[in-house]
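> 3D model of this:
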Amino acid sequence: MTVMLELDRVETFYGTIQALFGMSLQCRAGEVTTLLGRNGMGKTTTVGSIIGTLASRGGSIRFDGEVISGRPPYEVAQRGIGLVPEGRQIFPNLSVRENLIATAANFSGSETPWTLDKVIDFFPRLGERLNNQGSQLSGGEQQMLAIGRALMLNPRLLILDEATEGLAPLIRQEIWHRLGQLKHSGLTILLIDKNIDEFAHLADRHFIVEKGRVVWSGDSAALSADADLKLRYLGI
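Alright, predicted model coming up:
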């Protein structure tokens, strides 16, 4: 299967403090890949290195075979990487409609691109709140808006950092259901989340990170079967 995203021995620093120590992972086209680990182990730093908000000093990051290390975030987005950031980071003073159309683009050249109407069909709750400001939405609705905003870029790879953090169980289930639909459509997904048991059926491959490097990788069956592994690295 084609490798869409590849990190090879990436090293990233905050000033003089090193955060990633040879981070290596792959996302295969059409699959859901997860990046797992306790807080502070380098997951969000890895995301920042991919999208260009953090500059890596060593190793390489390739997207669809092309080196994107050192590229500014807007160029990374133009190549087809969309991000649903930790904390959602929607525009609180813009309406739902404005949040969605602000990022509208079709960098991937899709023949069936995501549009405002298509996102509303995908998340009907957003259609009911098109004129509401972002700050007036519930946490679940804000997460739907953050995903919809990323889809309006028509990405080939969708990265979700803490996709269901702080959400009620029913809302989490809806988010997982929608991500399953996106996977079925062929979208490649990199997922960072703590609710492993809820999305294990959705994921194809997992990477566990500790202290800025990958310490284990494998499929959901192998992860579920190893209770000691989950206790050691994930605190489960």
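> How far off centre is the helix or strand bottoming out on mean pLDDT in the chain?
In the chain, no helix or strand scores lower on mean pLDDT, DSSP states H and E than helix 196-199, which sits at a mean of 78. Distance of helix 196-199 from the chain centroid (C-alpha atoms, centre = their mean, to the nearest Å) equals 15 Å.
> any low-confidence regions in this structure?
Along the chain, the parts satisfying pLDDT under 70 run over 236.
> tell me the domain ranges of it?
Domain segmentation of the chain under automatic domain parsing yields 1-80+156-236, 89-155.
> got CSV for these, with mean neighbour count too?
For the C-beta atoms, the positions are set from N, CA and C on the backbone; glycine is no exception. Listed next are those as CSV, based on neighbours: other C-beta atoms under 10 Å:
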stretch, mean neighbour count
domain 1-80+156-236, 17
domain 89-155, 17
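> for the chain, what spans make up the helices?
In the chain, the helices defined using DSSP state H lie at 43-51, 73-78, 96-101, 116-122, 124-127, 139-151, 169-184, 196-199, 220-225, 227-234.
> closest to Asp64 out of these?
Smallest distance to Asp64 across the helices of the chain (C-beta to C-beta): 11.7 Å, for helix 73-78.
> now the closest one, how far from the chain's geometric center?
The answer for helix 73-78 is 15 Å, by C-alpha atoms, centre = their mean.
> now do stretch 203-210
With C-alpha atoms, centre = their mean, you get 13 Å for stretch 203-210.
> Can you list the neighbours in contact with that stretch?
23, 25, 28, 31-38, 41-43, 46, 191, 214-220, 223, 229, 233-234 (C-beta atoms under 8 Å, 6 or more residues apart in numbering).
> Now do the least confident helix or strand of the chain: which elements does it pack against?
Applying 3 or more C-beta pairs under 8 Å, 6 or more residues apart in numbering; DSSP states H and E, we find helix 196-199 packed against strand 32-36, helix 169-184.
> so the last one versus helix 139-151, what angle?
When axes from the mean of the first three to the mean of the last three C-alpha atoms, to 10 degrees is applied, the directions of helix 169-184 and helix 139-151 differ by 20 degrees.
> What of the shortest one?
Inter-element angle recorded for strand 32-36 and helix 139-151: 120 degrees (by the same axes, to 10 degrees).
> could you check the angle helix 227-234 makes with strand 32-36?
70 degrees.
> now do the longest one
An angle of 100 degrees separates the directions of helix 169-184 and helix 227-234 when computed by the same axes, to 10 degrees.
> Find out how far helix 169-184 is from the centre of the chain, if you would.
So, by C-alpha atoms, centre = their mean, the centroid of helix 169-184 is 14 Å from its chain's centroid.
> what's next to the least confident helix or strand of the chain, contact-wise?
By C-beta under 8 Å, 6+ apart, the residues outside helix 196-199 that reach it are 32, 34, 36, 164, 172-173, 176, 179, 191, 193, 223, 230, 234, 236.
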